[in-house]
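J.: Pasting the sequence and the predicted model now:
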Amino acid sequence: QVQLVESGGGLVQPGGSLRLSCVAPQNIFRIYVMGWYRQAPGKQRELVAHITTGGNTNYKDSVKGRFTISRDNAKNTLYLQMNSLRPEDTAVYYCNGGRLITVLSGDFDSWGQGTQVTVSS
């Protein structure tokens, strides 16, 4: 079972910022595309952003210009800088990694515990 550890969530006011981190196993992180996902109450998990090993990024339309995904290959750590947060960003955020087709579909056998992000005044 893949061990993914997400952290950095919390309660923030609208317009605020948070930085999420995800530590992944080296054998996953070094060769695969990595993605950030989120799941809001009553909704399906969705892909928010993903990044290739070469640093190419792609974002869900609603977070473009506000979120930045990055990776530190030396630390096997994935980041998500979230600025200008909105109440609709409230969700549990997860990371995962695999081939691009798997990242796009989100069809993974296992997930980490995630980190809760709540945007509220």
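T.: Arrived safely.
J.: Give me the distance between the residue nearest the centre of the chain and Ser121.
T.: In the chain, the residue lying closest to the centroid (CA atoms, centre = their mean) is Trp36, at 2.1 Å. Trp36 sits 24 Å away from Ser121, going by CB to CB, to the nearest Å. Just so you know, the C-beta spots here come from the backbone N, C-alpha and C atoms, and that holds for glycine as well.
J.: List the buried residues for the helix or strand bottoming out on mean pLDDT in the chain?
T.: When each helix and strand of the chain is scored by mean pLDDT, DSSP states H and E, helix 26-29 comes last, with a mean of 84. The neighbour-count check on helix 26-29 (16 or more other CB atoms under 10 Å) flags Ile28, Phe29 as buried.
J.: tally of neighbours for Thr53?
T.: If you count neighbours by other CB atoms under 10 Å, Thr53 ends up with 14.
J.: same check, this time on the one 4 residues further on
T.: Other residues lying near Thr57 total 13 when counted by other CB under 10 Å.
J.: Quick check: it touching His50?
T.: Yes - with contacts counted by CB atoms under 8 Å, Thr57 reaches His50, the gap being 7.2 Å.
J.: for Thr77, what are its contacts?
T.: Ser21, Cys22, Val23, Ala24, Phe29, Arg71 (CB atoms under 8 Å, 6 or more residues apart in numbering).
J.: picking that back up, overlap of the contact sets of Thr57 and His50?
T.: Ile69.
J.: Looking only at the biggest helix by length in the chain, what residues are buried by neighbour count?
T.: Longest helix in the chain, counting residues (DSSP state H): helix 100-105. For helix 100-105, the neighbour count (16+ other CB under 10 Å) marks Val103 as buried.
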